[in-house]
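S.K.: model this:
(2 chains)
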Amino acid sequence: MTNPNAGSAHSSKSLFAKLRSWEAFLTFALILIILVNSTLIPQYFTIANQINLFQLSIEKVIVALVMTFVIINAEIDLSVGSIMGLAACLFGWLFQNGISAEMAIVIVMIAGGLAGALNGYFIAIVGLPSLVVTLATLIGFRGLARVLVEDRGITGFPDWFDALGQQGLIGPVPFSFFAFIVLFIIAFIILHRSAFGRLTYTIGNNREVAEFAGVNTAAVKMKIFISSGLVAAFAGLLYAARVGAVRGDVALGFELDIITLVLLGGVSIFGGSGTMVGTLLALLIVLNLRNGMALMNVTGHIQTGVIGLLLIVSVVLPRLELTRLFNSHNSQGTKQ
Amino acid sequence: METPVLELRDISKNFGMTRALSHMSISLFPGEVHAIVGENGAGKSTMIKIMTGIYPPSSGILQVDGVTTVISGPQMAREKGIVAIYQEPMVFPDLDVAENIFISSTREGFVQNPGKLRHKAKQLLARVGISLDVERIASGLTLAEQQAVEIARALSQDVRVLIMDEPTASLSAHEAAQLRRIATKLAEDGVSVVYISHRLEEVFDIAHRVTVIRDGEHISTRPVSEVTSDGMISEMVGREFESLFEKSPSVAQSEVILEVKDLAVDEIFSGVSFDLHYGEVLCMAGLVGARRTDIALAIFGIHPASSGTITFKGQPLVITSAAQAMKAGIAYVSEDRRKFGLAMPMPIRDNITLATLGEFLSRWGLVNRRKEVEVAEAFRKRLNIRTPDIELPAGMLSGGNQQKVMLAKWLNMKPDLLIFDEPTRGVDVGAKAEVHDLIREFVAAGGAAIVISSDLPEVLAMGDRILVMREGTQMGILSHEEASQENIMALATGQASAKEVA
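M.R.: Predicted coordinates for the structure are as follows:
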């Protein structure tokens, strides 16, 4: 295939290089969605709506931060939804059995860490595939949650606990929003600036290379899964506070929404690449898109369909981009 | 004049700003072995990828049998009978040998007959000259065996142009000789064989014509009878070259840094005993399967020894992990860059600092990127790593430069003992000399090195002493004065014992 135009490729390269960044694409999509929303929907830009759109999905959004680490590390954690459910139910059960809410929170967080450690043990130390391990614990933890609470809800938590989830902490902005901001900053710094983040990427790309460089890769994986359990438990508590009640089906199926967010953010399902900003942009897109559709009275099923379509696009587009990159940029020796 | 089976005319190829090939012309005739030589990054791989339809050329034309043809992809190249086998064998790890050989063959029909397939696979392997159980799963094969499977696969398709990109890089000497015989035989059968190798003696052994390329440009094409080794090397590097494989004087001191006694890993190797002095280079020679790498992995703690003792710097050491070996001052540069050496998609900088990340931490465990850049840039200069930017993925570099990045990673640890596994596999002549010089510099500065190599000239040029292994058994240690290609081979193949050759 002779291509006489190929010589001009470098003249457009700088623009091309800017456009090819997935984050740039997401930013563009986000701006588009915000523009459409604000043009079509008068109440979109009200503070109440902006808080609402965040608050309704805050638990998933928080867990997506730690899921970004899990997937960059070339693993998956399907059990986060069940850990969230278990955390909420354990809290309710403890509270019902006369343990103070404060004490219950501590116990729930410990349980979350232990649940993550259980995943981590089988994945990092025994060496089983995370897909299988967390599929098993997805079922197991959910079962435990249902055993604790059965099918009746538990309510009547202390006022301060409910208020934490339902009322503004500073002005109308709730506690969960601040928690998210703090967690995002911590996650960003760890992933992009710390040695731990560097090792997360390296192991995700090639665990053997890290092993041969003396890295304790099992310890890194263990820490990631423990964090995943802790953050999921925290998110489960936030859910209990926001809704003011818990049931055995709390956060059922959330893991798929969370993984969708992360993949949409440009994290490769094969591990080794992706950014925290990508995840942030993806969750802003999904939140604003859902909110816009809800305000325009689009039914939930169609909303879900649109998000699904978005995910397909997000998987296909970078692939096309990569093919192009590979053909025009690459020299010998790159992994094919 | 005969029509060339494949001809490149005035082919250029750009990758963005870089020009990988510039007005390259080359003709391949049936029945010839055409060697193409050039340093890594000279454009050999790009040329192969254009011939096999992986890259479209930016300009210029390709002719097959004198007819201008657009080769739109690997599938079409295969239909035209153009097949390439690469230095890193491409086999499907979970399929068996026979299935791997016929992986792209549609001629066997939709429903394959396993018995017939195996029978045919055996015949093809017999042509390659290797006996291999065709029902073995490919992941258990050695590199050399995988290579043989790949050649058999090429033979299963009607090859007219067989491009062999460093086929012998991972083979031991007698397997390489066997492969050269196959190449010669294929040429006699009328196949046009393109042979790319960094082992110049191979080129003289089998090539009819030699093309030298440098920096993406065609330098010369001559019958092999008109070419001299020195002339070829100076054309490749573009400057005069001192003799490569002269042994430098030893700088070995009397003090022992490492003493290994009766080291063994169950069912892998046993009875390995040697000592190593400061300033000394100990080469480990042997054929594929001699278990040299396993000794290195035992000393480096990846697969800890099951018995025997290691005394390092006067202290008895039980090494059970790589981290522990590194702490003691031992570094191991793997033979397999792709699997164990480099995180290919990650920046060169990240790869260089991986083993010593702890040094680059500022407060609170954050990575000091400025310091990283400084160190990586310093290594780029010191080791002459050819790249426009240290932020590029390591996978974009040529083999020799990837090797230097691995070396940089370990030199930054400032090890006392450097174990270098096949330091110049798939590395061009220029970079090879550079790597040798770096190893010499390292031992001259007071370190000690173990160099595992299947390249006999390299073993003779580098080794103050040479330890020969055969199938997990230590056959003997030769001093540099005693060693010759012949007696190393005699030990490695088990035709002689140490007493007989010494």
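S.K.: hang on, isn't A:Leu40 packed against A:Met296?
M.R.: Yes - the criterion here is CB atoms under 8 Å, and A:Leu40 meets it with A:Met296 at 6.7 Å. All C-beta atoms are positioned from the backbone trio N, CA, C, and that covers glycine.
S.K.: buried stuff in stretch B:374-391?
M.R.: Neighbour counts using 16 or more other CB atoms under 10 Å in any protein chain shown place B:375-376, B:379-380, B:383, B:385, B:387, B:390 of stretch B:374-391 among the buried residues.
S.K.: from the residues you listed, which ones fall inside helices?
M.R.: Among these, the members found in helices (DSSP state H) are B:375-376, B:379-380.
S.K.: Tell me the one of these nearest chain A?
M.R.: Within those, the smallest distance to chain A is 13.5 Å, found for B:Ala376 (CB to the nearest CB).
S.K.: Which residue lies nearest the spatial centre of the chain?
M.R.: Just going to use chain A. A:Ala64 (1.1 Å; CA atoms, centre = their mean).
S.K.: sorry, should have said chain B
M.R.: Central residue of chain B (CA atoms, centre = their mean): B:Arg425, 2.6 Å from the mean position.
S.K.: Assign a three-state SS to it, would you?
M.R.: Secondary structure for B:Arg425, judged by DSSP: H, G, I helix; E, B strand; the rest coil, is coil.
S.K.: can I assume it is in contact with B:Val333?
M.R.: No - with contact defined as CB under 8 Å, B:Arg425 and B:Val333 do not form a contacting pair (11.2 Å).
S.K.: Using the three-state scheme, assign B:Cys295.
M.R.: Just so we're on the same page, residue B:295 is Ile rather than Cys. Assigned with three-state DSSP, B:Ile295 falls in the helix class.
S.K.: any idea how far it is from A:Leu128?
M.R.: Distance check for B:Ile295 against A:Leu128: by CB to CB, to the nearest Å, it reads 31 Å.
S.K.: Looking at the two, which one has more neighbours?
M.R.: Using other CB atoms under 10 Å in any protein chain shown, the more surrounded residue of B:Ile295 and A:Leu128 is B:Ile295, with 28 against 15.
S.K.: how close does that one sit to chain A?
M.R.: B:Ile295 is 16 Å from chain A, where distance means CB to the nearest CB, to the nearest Å.
S.K.: And for B:Gly53?
M.R.: Distance, B:Gly53 to chain A, by CB to the nearest CB: 9 Å.
S.K.: Now the stretch 51-200 of chain B against chain A: closest residue?
M.R.: With CB to the nearest CB as the measure, B:Pro56 is the residue of the stretch 51-200 of chain B nearest to chain A, at 3.6 Å.
S.K.: Could I get the pLDDT score of the spatially closest residue to B:Gly426 that is not a sequence neighbour?
M.R.: Nearest residue to B:Gly426, sequence neighbours excluded (CB to CB, 6 or more residues apart in numbering or on different chains): B:Gly399, at 4.1 Å. With respect to pLDDT, B:Gly399 has a value of 81.
S.K.: B:Gly399 contacts B:Pro423, doesn't it?
M.R.: No - counting by CB under 8 Å, B:Gly399 sits too far from B:Pro423 to count as a contact (11.5 Å).
S.K.: Spit out the residues that contact those two alike.
M.R.: Contact criterion CB atoms under 8 Å, 6 or more residues apart in numbering or on different chains; residues shared by B:Gly399 and B:Pro423: none found.
S.K.: show me what contacts A:Ala218?
M.R.: A:Ala218 makes contact with A:124-125 under the criterion CB under 8 Å, 6+ apart.
S.K.: Tell me the gap between the helix or strand where it lies and the middle of its chain.
M.R.: Per DSSP states H and E, A:Ala218 falls inside helix A:217-243. Centroid separation between helix A:217-243 and its chain, computed with CA atoms, centre = their mean, to the nearest Å, is 11 Å.
S.K.: Which SSE is immediately downstream of that helix?
M.R.: Counting by DSSP H and E, what follows helix A:217-243 is strand A:245-246.
S.K.: Give me the sheet partners of that following strand and which way each runs.
M.R.: Each strand that pairs with strand A:245-246, with its direction, by DSSP bridges: strand A:154-155 (antiparallel).
S.K.: For the partner strand, what is the distance to the chain centroid?
M.R.: 27 Å.
S.K.: swap in stretch A:101-121?
M.R.: A distance of 19 Å separates the centroid of the chain from that of stretch A:101-121, by CA atoms, centre = their mean.
S.K.: and residue 26, helix, strand or coil?
M.R.: I'll assume chain A. Assigned by three-state DSSP, the conformation of A:Leu26 is helix.
S.K.: look at chain B instead
M.R.: For B:Ile26, the secondary-structure state derived from three-state DSSP is strand.
S.K.: Using the three-state scheme, assign the closest residue to it other than its chain neighbours.
M.R.: Excluding its sequence neighbours, the residue lying closest to B:Ile26 (CB to CB, 6+ apart) is B:Leu8, at 4.9 Å. Here B:Leu8 is recorded as strand under three-state DSSP.
S.K.: Could you list everything B:Leu8 pairs with in the sheet?
M.R.: B:Leu8 has these beta-bridge partners by DSSP bridges: B:Ile26, B:Leu62.
S.K.: Could you give the number of residues near it?
M.R.: Neighbour count of B:Leu8, defined by other CB under 10 Å: 21.
S.K.: wait, isn't it in contact with B:Met47?
M.R.: Yes - with contact defined as CB under 8 Å, B:Leu8 reaches B:Met47; the gap is 7.3 Å.
S.K.: overlap in contacts of those two?
M.R.: B:24, B:26.
S.K.: and the closest residue to chain A within the stretch 151-300 of chain B, what is it in contact with?
M.R.: Residue nearest to chain A within the stretch 151-300 of chain B: B:Phe300 (8.1 Å; CB to the nearest CB). By CB under 8 Å, 6+ apart, B:Phe300 lies in contact with B:319, B:322, B:325, B:330, B:332, B:419.
S.K.: Not counting its neighbours along the chain, what's nearest A:Val209?
M.R.: Here the residue nearest A:Val209, using CB to CB, 6+ apart, is B:Ala343, at 5.1 Å.
S.K.: Mind pulling the model confidence for the one you found?
M.R.: 94.
S.K.: Please tabulate the ones in helices among the buried residues of stretch B:374-391 in a markdown table, including the columns distance to B:Val265 and pLDDT.
M.R.: Below are these laid out as a markdown table (distance: CB to CB, whole Å; pLDDT from 0 to 100):
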| residue | distance to B:Val265 | pLDDT |
| --- | --- | --- |
| B:Val375 | 35 | 96 |
| B:Ala376 | 35 | 96 |
| B:Phe379 | 33 | 95 |
| B:Arg380 | 37 | 94 |
